[in-house]
Each structure stands twice: as C-alpha cells, then as structure tokens.
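Visitor: model this:
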Amino acid sequence: MEPFVARETTLASASSPRKKRRIDHTESAADGSPILTSISNIELNSTAPMSVEAVGNSSTNHEIDEDLHSRQLAVYGRETMRRLFASNVLISGIQGLGVEIAKNIILAGVKSVTLHDENVVELWDLSSNFVFTEEDVGKNRALASVHKLQELNNAVAVSALTGDLTKEQLSGFQAVVFVDASFEKATEFDDYCHSHQPPIAFIKADVRGLFGSLFCDFGPRFTVLDVDGEEPHSGIIASVSNENPAFVSCVDDERLEFQDGDLVVFSEVEGMAELNDGKPRKVKNVKPYSFVLEEDTTSCGTYVKGGIVTQVKQPKVLNFKPLREAIRDPGEFLLSDFSKFDRPPLLHLAFQALDRFSSQAGRAVLNPMAAMFGGIACSGKFHPIFQFFYFDSLESLPKEPLDASEFRPQNSRYDAQISVFGSTLQKKLEDARVFVVGAGALGCEFLKNLALMGVSCGVQGKLTVTDDDVIEKSNLSRQFLFRDWNIGQAKSTVAATAAAGINSRLKIDALQNRVGPETENVFDDSFWENLTVVVNALDNVTARLYVDSRCVYFQKPLLESGTLGAKCNTQMVIPHLTENYGASRDPPEKQAPMCTVHSFPHNIDHCLTWARSEFEGLLEKTPAEVNAYLSNPDEYMKAMRTAGDAQARDTLGRVVECLEKEKCNSFQDCITWARLRFEDYFVNRVKQLIFTFPEDANTSTGAPFWSAPKRFPRPLKFTSTDLSHTNFVMAAAILRAETFGIPTPEWAKTPTGLAEAVERVIVPNFEPREDAKIVTDEKATTLSTASVDDAAVINELIAKLERCRLSLQPEFRMKPIQFEKDDDTNYHMDMIAGLANMRARNYSVPEVDKLKAKFIAGRIIPAIATSTAMATGFVCLELYKVLDGAHKVEDYRNTFANLALPLFSIAEPVPPKVVKHQDQSWTVWDRWVIKGNPTLKELLKWLKEKGLNAYSISVGSCLLYNSMFPRHKERMDKRVVDLARDVAKVELPAYRRHLDVVVACEDDNDNDVDIPLVSVYYA
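Guide: Numbering: from 1, shown residues only. Below you'll find the predicted structure:
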C-alpha cells in the first residue's frame, strides 16, 4: 500500500536473467560486514559438503538481480551483497527457530544453505514451523523442509543433511548456526570454528517457551567497518579560523550530526587548501552548526570560501571469546528491556541449568519468539551482537492463576503453545476476530505467525486481510508468501491462500480495498464493532493515522509496527491504557526550498528531486493535459479562462508547445526534441543563470550571492563521445516517442546510429535575456509569476490551441507515462539518472549510478526480511496479552530496535492524557453516546447535567448551533439528526447508525473544556 504504487504484469522467475543488472562476483576476505550477524564478512572457502538432498541453482557465477534485491541493496550495498551471494551457510536444528533463520538467509540470497537435523517432525512442531504440515509428522525435519524453503529463492542452493555432523564438515562454510544444540556439542563445534583459518562465524540460538538466548563467536579478531549502518554525515563549510585549535562553522542548511571524537575529511576548501589533503582529522566541541578541529591552522592559507566536511567511519576490532571461555566469563550483557536490568545474568545461569535438564515444557518453541530471534540471529552487515544476548517475555503469560489441567497436551498442533499459556488462552486465540491491514512484508510475516499461533482458527474466529496492491518482483526478497508466478496478482489474495496452506483451519477473508474514508461502506460500523483486535502492516503514515482513528473511535486494540532498513519499532495502542498512535508525531521531513531545487542545487538529492519533477511534467502531466483538452475542448478552455491565473497560463503554454513547436511525427523529431532538451537544461539555463547572477554578484546586503550553500554552475558542452550525454538523449527520445505512439527503431539503441541522428540536429544559438526572472526567495511555493496580462495571454494561447487542434486527426491522443522505478527496461530511470547527473555535473556535485538514483528518486524505503520478522515477533508477543485481556499498562511493551548497532530499547507504553472536570475524567478513548435522536434542547440539557455549557455544536464544517446567533434558538425543538440533514446537508448512508457531533463547551467559570466526541444514535 505504497504512495507510489509499482506495477509489473509480466511474469518472471526470481532467477530469470530478464531485467537484471549483472554484477560479477569477486571473492574477498573478511572485512567486518556481518550478516547472520555475520555471514557476508567471512572469507570464502571451499564448497559446501555433499548432502543427502540438494536442489536449487548452485552456479558459482553470482550476479545481483537489482529488481529483486533493490530494497536489500539499499541497506547492505553492493560489496556486502557480493560477499553474501558467495557465502555457504549451515543451519543445524530445523525446529521453528531454525526454519525462521533459514527463511531469512535464503531470502537474502546466499550461495547455499545446508539444513541439518537428525530428528523427525513432531505434531507440536507445527505451532512454530511454517513449512511443516500434518503429513510431515514422522519425516526427517531437514528433508521435510528443503523443497518448501527452496521455493523462496531458486538462486540459492538448499540442501539437507540427516546424519551425524562432524567438525571437519564445517570447513566448507563461512557461517554455521546451531539451534537447540547442547552446550557440550556447541562448545566442541565452536572450538573448531574459532581456531579455523579464516575463522568460521559461529552462532548458537535457542528458544525455550518465552525465553531466548543467542551466542556469537566470529573469531579472535573480528573487524567491523560499519558500526552503525548510517551514511557518513557531512556539512557545508562557512568559515575556518587560522588558530590552534581551528574553529569551523558550517551553514545552517542542516544540523551537523557529528560527535566529539569523530574523524572528518575536507574537500573543495578554497584558500585553506592544506585541508584538502584527504587526511582524517579529529573534531571536538561539536555544536549544531560548528565544531573545533584538533589542528593548528595558524600557518595555513586564509579561508576564502567553499568546502565540504565529511565524517570518516572508523573500524572497530572485536575480540570474541570461544563459548568454552565465554560461559565462565560472559562479560557485559546487551540489555533489551530497561525494566529487567538483573535478568540477563540470571538467564545466563538458567540456560546452562536447562541444558542439563530436558523436558517437554523445556523445549516448547513459540512462533513469536522464533520469529523475533530468527530476525536477530540474521541481523545485518553491521555491528554484530557481541557474545551473549538474552531475552524473555514473562509478562506475556496470563495474569490469572491457571489449573494444572490447562497445560495438559491435547494431541493438537498447538500443544507447545498450550504448555506455556494454557488451553483457555488458546481458545481465545482461535476465536479472535482480527483485521490485518496490509499484506506486504509485515503482512506476510503477521499472517504466517497468526496461522501458526492458531489465531482465528476456531468456530467463532475470522481473520480479514486487505491490501489494494499487486505483487511485483521486488517484493519477492522480503514478502515470503509470494512466488515468482504470483507477480501481477493481488497481494491479499495470494497471502491469504498461502496462510491457509500453513494452517488449513485458518478462517481468512481477503479483500483488495484501501482502508480510508472512501471505503467506509465496506469497513462499516458493524465491521469495526465486531473486531477483537487490529494489526497494522502499513508503510505510510496517512493510512496508519486513519486506522488509528478508527480504533480509537470503536475502542479496539491496535498493534502497530514499522521498519526502516535494519531498524524497527512497535507500538501497542490499547483502549484506555495507552496513548493512541496519533498522539505523538514525528516532525515533518525537511523539504528543500523550490528555488534551491530548480536553480541552486548543492547535493544529488536536489538534482534527483528536480529530475523526477521534470520527468513527470514532460511525460505524464503535459500529455494528460493534452488529452484533457482534446477530449472536451470547450470545457477545458472554459476552466482555464475561469482560473485566469499564472498556473493556468503556464499549463496552457506547455500544452501549446507540445502540440505546436515540439510535436513529434517521426523518431528523428524525438531525437531532435531530446537533444534540444539537453541544450536547454544543461547549457542555456545555466548561461542565463550566470548572466543574471555573475560569479562576483552580491546580494542586496552586499554579501556574495554565490556563497555557501550555493554552488556556482558551469554550462556543459554536448559531445556524442560522452556516453552519459548520448544515453540521456536516447532515453529521452525513446520516452518522447512513446508519448506520441511512435515506434522506436533498433538503430536508435546503437551508439553509431544514435550519434548520426544527433549530428543532424540543428542547435540554435542562445543569447541570455536581460529581463529574465529567476526565483531566489526560499519561501516561494511556485515558480510561476503572476502578471496583469495573464487573461490576455490565456486567450491568445487558447486561440493557438484551437488552430493546433484543427491540424490533428480527430482520434489523436497522447500516451502519458507514469513513473515506474522497478522496470529496468522501460528507460524511466535512465532518463531520470541522466537528468540528475548532468545537472550535478553543472554544479560540481558528485554523480550517482542508476541504482542509487533509483533509491532516491523512487523514494525506495530500505528493507530487509530480518527486521520485519523481528518486529512481527515482538508484536505477536503482545497479542497474547491483548487476548488474555487482564494485563495492565506496565505489562505491555513498545519496542525500538536497530540491528546495525545492535540496540534494543523496550519500554512500557505511555498512558493516555487525562482530562478532568469536576468529579469526571476522560481520555481520547472516551466517546459520549446519547441514544434516541434527541432534540437540540435535550442535547444541551444532557451536557448541562455534566456541568458543561455548550456554546457551539457542529457537524463537519457546518454549525448546527452557536449561542451567539439568536436565530439558532429557533432550532431548539428540532432533532439533532434532522438538523444535520437539513442544515449541514449530511447524507447518512444505510449502514450508518449514528451521527457524530463536535461540541465546544465551557464550565461555569467560562473556562473551555475539551470533551470527547458526542455520538447521537438514531437507529
């Protein structure tokens, strides 16, 4: 449910060469970029051992499919992905946790995954392992898993081992994960991995009911190059002093994100050129827009202008101890829950004790715990978990004491869960009526978890999932319920079918509706009132706020979560216990001023923002305007005359230009148009800008006009020998031809043919204008400037437009092109990257490749399967509490986690704000209900009895009553709902049973009192 919805209707295999960008694999040594908390950083070794069964592509010619892995590339980068694609991983122990780890690693795209398990599937494995069915009971776990896991990614060779595992077999892997292994066996294998050259990444992971543990050993000297997963921060220099130590100030365009002790490098400094030597220098006393440089600059040149300062990331060496030593001396534990400071040392001892005592209760694997630890154990390329990590969720247990009979096995797939929570809570899970909003990455994980937990699998249960999007190729690397043959199909339908395949008892209904005001006839009052809980799996704030408002209105629990790259957060919204999602907002993202984007860019983001705007204006908006005019000329011209403003004038000018001077009848015309666009954008506009504002120009205050952050531009000179020039012309010409329905000849895609066609274009000379107006006001919201002659110009343009129309065929229409970032064959990103990079070259801004351009211009949200899995695990642990129904606010947990650091911040939710009046109190969760469709007088009396004097009652933007208006007193005997129909013209649909009115009140001392929404029920 993305704001920019991508569509891909052509079916393609996840390993198909179609639309791939090939990146040749080169082997490299360990450099500290962990995956699996660290597979991608281990030096490549020999191939994996021969296994009992192996399927999938084991080719050594690794390539990155950028369409498939674009979101993951945005997190890890190419270098880590190359190493990842060449890594062989062993996972021993294919219970619920083992299969979660395997899922995440296979989706990430390693070279091979070997599954090892000597045991057979038991019935209660089905409560935590999504690949097992009842038919698999009695089969070897590894063999029963291999084919279904292979479906996740055909480019990964998935194999199974079913016999005894020897230490020597580990030499073929870069990373090994042992799940449910005894300390004795784990110690033996870890000793071998620790001493191996190069070291083999060793991970031991265990889940026991509501307890989990993780141990990592990546060798005696492990180097982490990226300790936080963030892009290096930078600033634009305003001045540097000649003193010891030097004081550096930066422009207040953006706050500095440096910290004391950081190392930085300088570039583009004029005057004090000594700083441009690339040498890292330490900073201190960092303020929002300045810092002190630990450097003596007294003998350096005097600072003149310019300069960029950029953070340099420092490598960090971790000295891991083997398990044998770490057990005795664990060091400092990574804390997750701030209310449990003393818990990790106790769990360290408890897991050792549990290792010596094996029982049915001791090995219950709960799906939420497996999902969460499956994400943590496969975290990112960044700083790994150092040695031990422990976690528990004891507060998820039912609050009321339970009889021992509650935990008795029932010979069902839920026995592991029943052994922890009892049969009563299991029944509540099965009878829950759940609404999952979104079926993308979060939605797929949630549906899997809910199916395994038995949610909505009972007689009274029902799970509704909705998503208005369809499956595209880039989804397949994270949204694991989808396969390549599902591309183009509805997400919700495919996800629901897959979830039902995990648990055939799941009662699930799939819809393709966006949740919003426009679909309240689908998700009506009855729908919301009958829900038990709502689970958000959305990726935009607007939709989240709407669902939040509905949950507050109908007083339903909302389980909220979100991810961004290696980060995730969860928020529990519980009626009357916690604040709602909309109670606190992130500050709005800072937008670059329009004049900066259009005339004074100083970073590649500005260039890409401009490029996408130009793409949409040239290829989508103007052709759409042409069609709107041609479809109904009279109405269109009437609307433009009525508007009569600068915007209407400019829109008409573009339409006339498109149909008159720039109309294309042949592909050569399209090449001419593209070549002249190059000249206009990157030559003429720059010449005009520097003519209007020369390099030595001053502002009205006498300050240099071209001072930081402005960068003085230089016009380009087109040459057909520069591939970036010709590639831009080719992409622009092909897309221009598409809008006019002109086929692209094959010669246009060859350098020689294109160069010859470009050479035929006559480029007119350009002379800068004295009267050119260039917007420099950073507060300006439009580049259009109003004129007293706008109406006359509009009439003149309409006359031209009519003459153009008469020369066209009656059926002529253009084809608007909607930007599609995920199709590498459509030339959209070629044109946008070309526009942005040529503009960057004008302003001496570093250019980017097409993939990076796609991330920024396509507004791609970095995403990996691991943080998604972890978030849903945290949320489902909270679901136990919601459905138990007896937990207090201090029992619930909100989470923020960053796998790149790693950091876990788990804390109680914030209670709602309480409003008090006399002996009454209420919160955002309260809604006052009055039944029977009272008269206005009766409503005012009802409020008076609460000690409130209502002075205004409204519906939407319409006043039903205001004490200041004498005529409103004539309405006193009219019923509120009738007033809304007659005065506010409110249309009440058949599915609606009440009317909401907003009442403004004051107390007897004339103090305003914020009261809840008042709902008048009339049916």
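Visitor: identify the single longest helix in this protein, thanks.
Guide: Criterion DSSP state H: the longest helix present in the chain is helix 865-884.
Visitor: please work out the average pLDDT along stretch 323-339.
Guide: Averaging pLDDT along stretch 323-339 yields 94.
Visitor: now do stretch 248-257
Guide: Stretch 248-257 comes out at a mean pLDDT of 91.
Visitor: which secondary structure elements does the longest helix of the chain sit against?
Guide: Under the contact criterion of 3 or more Cβ pairs under 8 Å, 6 or more residues apart in numbering; DSSP states H and E, helix 865-884 touches helix 96-108, helix 367-376, helix 423-431, helix 441-453, strand 533-536, strand 558-564, strand 567-573, strand 894-898. (C-beta placed from N, C-alpha, C; glycine too.)
Visitor: beta-bridge partners for the residue nearest to residue 973 when sequence neighbours are not counted, please?
Guide: Setting aside the residues directly before and after it, residue 973 is nearest to residue 935 in space (Cβ to Cβ, 6 or more residues apart in numbering), at 5.5 Å. Note on residue 935: beta-bridge partners by DSSP bridges are residue 975.
Visitor: now do the buried residues in the longest helix of the chain.
Guide: Buried residues in helix 865-884, counted by 16 or more other Cβ atoms under 10 Å: 865-884.
Visitor: that one vs helix 96-108, what angle?
Guide: 140 degrees (axes from the mean of the first three to the mean of the last three Cα atoms, to 10 degrees).
Visitor: kindly provide the distance from residue 702 to residue 849.
Guide: Taking Cβ to Cβ, to the nearest Å as the measure, residue 702 falls 42 Å from residue 849.
Visitor: what about these two, which has more around it?
Guide: Remark: of residue 702 and residue 849, residue 849 carries more neighbours, 11 against 6, as counted by other Cβ atoms under 10 Å.
Visitor: pLDDT of the longest helix of the chain, averaged?
Guide: 97.
Visitor: do stretch 366-374 as well
Guide: The average pLDDT for stretch 366-374 rounds to 96.
Visitor: now do it: everything it contacts.
Guide: 95-97, 99-101, 103-104, 127-128, 205, 207, 209-212, 214, 391, 393, 416-417, 420, 445, 448-449, 452-453, 866, 869-870, 872-877, 879-880 (Cβ atoms under 8 Å, 6 or more residues apart in numbering).
Visitor: mind showing which ranges of the stretch 701-850 of the chain have poor pLDDT?
Guide: The model of the stretch 701-850 of the chain has pLDDT under 70 over residues 781-788.
Visitor: repeat for the chain
Guide: Using pLDDT under 70, the flagged stretches of the chain are 1-62, 358-362, 378-381, 781-788.
Visitor: name the element the residue nearest the centre of it belongs to?
Guide: With distances taken as Cα atoms, centre = their mean, residue 861 lies nearest the centre of the chain, 3.7 Å away. Under the criterion DSSP states H and E, no helix or strand holds residue 861.
Visitor: map the structural domains onto the sequence of this protein.
Guide: Segmentation of the chain into domains, based on the TED database, reads 69-224+318-392, 234-312, 427-565+873-886, 594-706+714-766+775-784+791-858, 915-1017.
Visitor: can you list those in a markdown table and add distance to residue 409?
Guide: Below are those laid out as a markdown table (distance: least, Cβ to Cβ, whole Å):
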| stretch | distance to residue 409 |
| --- | --- |
| domain 69-224+318-392 | 8 |
| domain 234-312 | 54 |
| domain 427-565+873-886 | 15 |
| domain 594-706+714-766+775-784+791-858 | 48 |
| domain 915-1017 | 40 |
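Visitor: so which of those is nearest residue 907?
Guide: Each of these was scored for nearness to residue 907 using Cβ to Cβ, and the closest is domain 69-224+318-392 (5.8 Å).
Visitor: thinking again about what came up before, now the longest helix of the chain, how far from the chain's geometric center?
Guide: Here helix 865-884 shows a centroid-to-chain-centroid distance of 18 Å under the convention Cα atoms, centre = their mean, to the nearest Å.
Visitor: quick one: it to helix 441-453, angle?
Guide: Using the same axes, to 10 degrees: helix 865-884 against helix 441-453 is 50 degrees.
Visitor: kindly export helix 865-884 (C-alpha atoms) in CSV.
Guide: Output in CSV follows, covering the C-alpha atoms of helix 865-884 (Å, rounded to 0.1, in the frame of the first residue of the first chain):
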residue,chain,number,x,y,z
ALA,A,865,13.5,-9.5,5.9
THR,A,866,15.2,-9.8,9.3
SER,A,867,13.9,-6.5,10.8
THR,A,868,10.4,-7.3,9.5
ALA,A,869,10.4,-10.7,11.1
MET,A,870,11.7,-9.3,14.4
ALA,A,871,9.1,-6.6,14.5
THR,A,872,6.2,-9.1,14.0
GLY,A,873,7.7,-11.4,16.7
PHE,A,874,7.6,-8.5,19.2
VAL,A,875,4.0,-7.6,18.2
CYS,A,876,2.7,-11.2,18.5
LEU,A,877,4.1,-11.5,22.0
GLU,A,878,1.9,-8.5,22.8
LEU,A,879,-1.1,-10.2,21.1
TYR,A,880,-1.1,-12.8,23.9
LYS,A,881,-1.6,-10.0,26.4
VAL,A,882,-4.3,-8.3,24.4
LEU,A,883,-6.4,-11.5,24.0
ASP,A,884,-5.8,-12.5,27.6
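Visitor: use 135 as the first number from now on
Guide: Okay, residue one is now 135; in that scheme the one you just asked about reads as helix 999-1018.
Visitor: what's the spacing between the residue nearest to residue 1051 when sequence neighbours are not counted and residue 523?
Guide: Nearest residue to residue 1051, sequence neighbours excluded (Cβ to Cβ, 6+ apart): residue 1143, at 5.4 Å. For residue 1143, the distance to residue 523 equals 49 Å [Cβ to Cβ].
Visitor: cool, and residue 368?
Guide: In terms of Cβ to Cβ, residue 368 sits 33 Å off from residue 523.
Visitor: those two - which one has more neighbours?
Guide: Taking neighbours as other Cβ under 10 Å, residue 368 and residue 523 compare with residue 523 leading, 24 against 18.
Visitor: how about the more buried one, what does it touch?
Guide: The contact partners of residue 523, by Cβ under 8 Å, 6+ apart, come to 347-349, 467-468, 470, 510.
Visitor: how about those in a markdown table, adding distance to residue 330 and neighbour count?
Guide: Compiled in a markdown table, the contacts of residue 523 are given as follows (distance: Cβ to Cβ, whole Å; neighbours: other Cβ atoms under 10 Å):
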| residue | distance to residue 330 | neighbour count |
| --- | --- | --- |
| 347 | 24 | 22 |
| 348 | 21 | 21 |
| 349 | 17 | 24 |
| 467 | 27 | 17 |
| 468 | 26 | 17 |
| 470 | 31 | 21 |
| 510 | 24 | 26 |
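Visitor: in helices, which of those fall?
Guide: Residues of these located in helices (DSSP H): residue 510.
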